[in-house]
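Asks: My questions are about this predicted structure, shown below with the sequence.
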Number of protein chains: 2
Amino acid sequence: MKKSLGAKTLLYPTPVLVVGTYGAGGVANAMTAAWGGIACSKPPCVSISLRAATASHGNLMARRAFTISLPGEENAVEADYFGIASGRDHDKFAETGLTPVRSELVDAPYVDEFSLVLECEVVAVHELGLHTQFIGEIKDVKVDESMLGADGRIDLARLKPILFAMDPGAYYGIGAFIGKAYTIGKTIEAGE
Amino acid sequence: MKKSLGAKTLLYPTPVLVVGTYGAGGVANAMTAAWGGIACSKPPCVSISLRAATASHGNLMARRAFTISLPGEENAVEADYFGIASGRDHDKFAETGLTPVRSELVDAPYVDEFSLVLECEVVAVHELGLHTQFIGEIKDVKVDESMLGADGRIDLARLKPILFAMDPGAYYGIGAFIGKAYTIGKTIEAGE
């Protein structure tokens, strides 16, 4: 029996995206967002939604560029802090001891200590209500070489990305392998 | 040392969203999408990106409504199949044995056997390239009562949502609890 919970933003999982931008004077800022995801394959685009009240929103409007740095489990505390403190009155890089690195491709900084980085240029801005959605074209993805397996591909057991659960407000790790995509479902097709 | 992987849609995790729509003649269709996520808190909105070549894209353009049914681990095979077969030449509900239920709020069906359902009305359509992004206002969320814990909130250990990893193309479960959001990062703020 299904129970109505009302009109709420309940979806599992959401990612933990640390958005890097430059503010006035070139001060590096980082803010954690869970409202976002891949939005298009060609050109490769990611979407992130931010409230207009955030410092990062203003930075994005001015510079039209951002990065996404993906925290691993070992950086969950810093990622949470990036979501609590505002860049308006905090130098979040200095406070966490993490290192902002200027992207060579877009006008934004990324977190050097985080293993996976997307460098993005804003190609569209959509006002949806409380949140503004920024569509970023992914210009490059960079990964720490130590995150690659013997086959040269990303090894999730090393990357250890974090998941956010809006309700009940918690972070989780990635769990057990369930099956190969575009593969396990073929048993149904074959049965027809 | 970071290595460039090129401009690719690499982001972890992405969700496994089974999008329910009605086609011509009211035939229920379900299609799995991983490009999407929450897009706005007020009004509560979700975004999903679909290629124009899919049957679901045409259904969405015509009916301006969809549902998202979230498969649990026990339905990974059906969810994968919903991403392999096309509604143009398959009755995917009949083939999987799953049950389409007409939403009472929007002109779209959901998967009765999946535990969490979002009922959405299309409020914006963005052409991004290969993919069209549909913004859906969430009119209600429904959940199987058996997914709720003693506190009346969603229990992720029961819901067992699936994660999709684009590269290397696999599904994973949710892993261990890492920490409370808006909480674990306060150790940094307090230290300042």
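Replies: Cool, got the structure.

Asks: C-alpha only now, for contacts and for neighbours.
Replies: Will do.

Asks: May I have the beta-bridge partners of A:Tyr171?
Replies: Beta-bridge pairing of A:Tyr171 under DSSP bridges involves A:Phe164, B:Gly179.

Asks: State the mean pLDDT of stretch A:126-142.
Replies: Computed over stretch A:126-142, the mean pLDDT rounds to 98.

Asks: which parts of that stretch are buried?
Replies: Buried positions in stretch A:126-142, judged by neighbour count with 16 or more other C-alpha atoms under 10 Å in any protein chain shown: A:128-142.

Asks: Likewise for stretch A:89-103?
Replies: Of all the residues in stretch A:89-103, those buried under the rule 16+ other C-alpha under 10 Å are A:92-93, A:96, A:98, A:100, A:102-103.

Asks: circling back: quick check: the two most widely separated of the buried residues of stretch A:126-142?
Replies: A:Gly129 and A:Lys142 (32.4 Å; C-alpha to C-alpha).

Asks: Nearest to chain B within chain A, name that residue for me.
Replies: A:Gly175 (3.5 Å; C-alpha to the nearest C-alpha).

Asks: before we move on, what SS does the closest residue to that residue other than its chain neighbours have?
Replies: Closest residue in space to A:Gly175, ignoring its immediate chain neighbours: B:Gly175 at 3.5 Å, by C-alpha to C-alpha, 6 or more residues apart in numbering or on different chains. At B:Gly175, secondary structure determined by DSSP: H, G, I helix; E, B strand; the rest coil is strand.

Asks: which ones are touching B:Gly175?
Replies: By C-alpha atoms under 8 Å, 6 or more residues apart in numbering or on different chains, the contact set of B:Gly175 is A:172-176.

Asks: Tabulate these (TSV), appending pLDDT.
Replies: Listed next are the contacts of B:Gly175 as TSV, based on pLDDT from 0 to 100:
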residue	pLDDT
A:Tyr172	97
A:Gly173	97
A:Ile174	96
A:Gly175	96
A:Ala176	96
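
Asks: filter these to the buried ones?
Replies: By 16+ other C-alpha under 10 Å, the contacts of B:Gly175 give A:172-175 as buried.

Asks: In TSV: those, plus distance to A:Gly36.
Replies: Output for these, formatted as TSV (distance: C-alpha to C-alpha, whole Å):
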residue	distance to A:Gly36
A:Tyr172	17
A:Gly173	18
A:Ile174	18
A:Gly175	21
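
Asks: Could you report the neighbour count for A:Asp151?
Replies: A:Asp151: 7 surrounding residues under other C-alpha atoms under 10 Å in any protein chain shown.

Asks: Need the three-state assignment for it.
Replies: coil.

Asks: Can you tell me the strand partners of the top strand by length along chain A and which way each runs?
Replies: As assigned by DSSP state E, the longest strand anywhere in chain A is strand A:131-144. The strands beside strand A:131-144 in its sheet (DSSP bridges) come out as strand A:45-51 (antiparallel), strand A:116-127 (antiparallel), strand B:2-6 (antiparallel).

Asks: What mean pLDDT does the shortest one get?
Replies: The average pLDDT for strand B:2-6 rounds to 96.

Asks: repeat for stretch A:150-159
Replies: 94.

Asks: hmm, who's touching that stretch?
Replies: A:72, A:115, A:146-149, B:167-168.

Asks: Quick check: the farthest pair among the residues you listed?
Replies: A:Gly72 and B:Pro168 (17.7 Å).

Asks: For stretch A:106-117, list the C-alpha coordinates in CSV.
Replies: Taking Å, rounded to 0.1, in the frame of the first residue of the first chain, the C-alpha atoms of stretch A:106-117 are listed here in CSV:
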residue,chain,number,x,y,z
VAL,A,106,37.6,27.5,-17.6
ASP,A,107,37.5,30.5,-15.3
ALA,A,108,37.1,28.5,-12.1
PRO,A,109,39.1,26.7,-9.4
TYR,A,110,38.8,23.0,-8.4
VAL,A,111,39.8,21.2,-5.3
ASP,A,112,43.2,19.6,-5.8
GLU,A,113,42.7,17.0,-3.1
PHE,A,114,39.5,15.6,-4.6
SER,A,115,40.0,12.8,-7.1
LEU,A,116,37.6,13.6,-9.9
VAL,A,117,37.1,17.0,-11.5
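
Asks: so when I look at A:Asn75, I'm seeing a helix, right?
Replies: Yes - counting by three-state DSSP, A:Asn75 is part of a helix.

Asks: Next, count neighbours for it.
Replies: Count around A:Asn75 with other C-alpha under 10 Å applied: 16.

Asks: same check, this time on A:Gly25
Replies: 6.

Asks: hang on, it is in a strand, isn't it?
Replies: No - under three-state DSSP, A:Gly25 falls outside any strand and is assigned helix.

Asks: mind listing what A:Lys180 touches?
Replies: Counting by C-alpha under 8 Å, 6+ apart, A:Lys180 touches B:169-171.

Asks: Does stretch A:95-103 reach chain B?
Replies: Yes - using C-alpha under 8 Å from any C-alpha of the partner chain, stretch A:95-103 comes into contact with chain B via A:95-96.

Asks: Report the distance from that stretch to the chain centre.
Replies: Between the centre of stretch A:95-103 and the centre of its chain there are 16 Å (C-alpha atoms, centre = their mean, to the nearest Å).

Asks: does A:Leu163 really touch A:Tyr171, like I thought?
Replies: Yes - using C-alpha atoms under 8 Å, A:Leu163 is in contact with A:Tyr171, at 5.5 Å.
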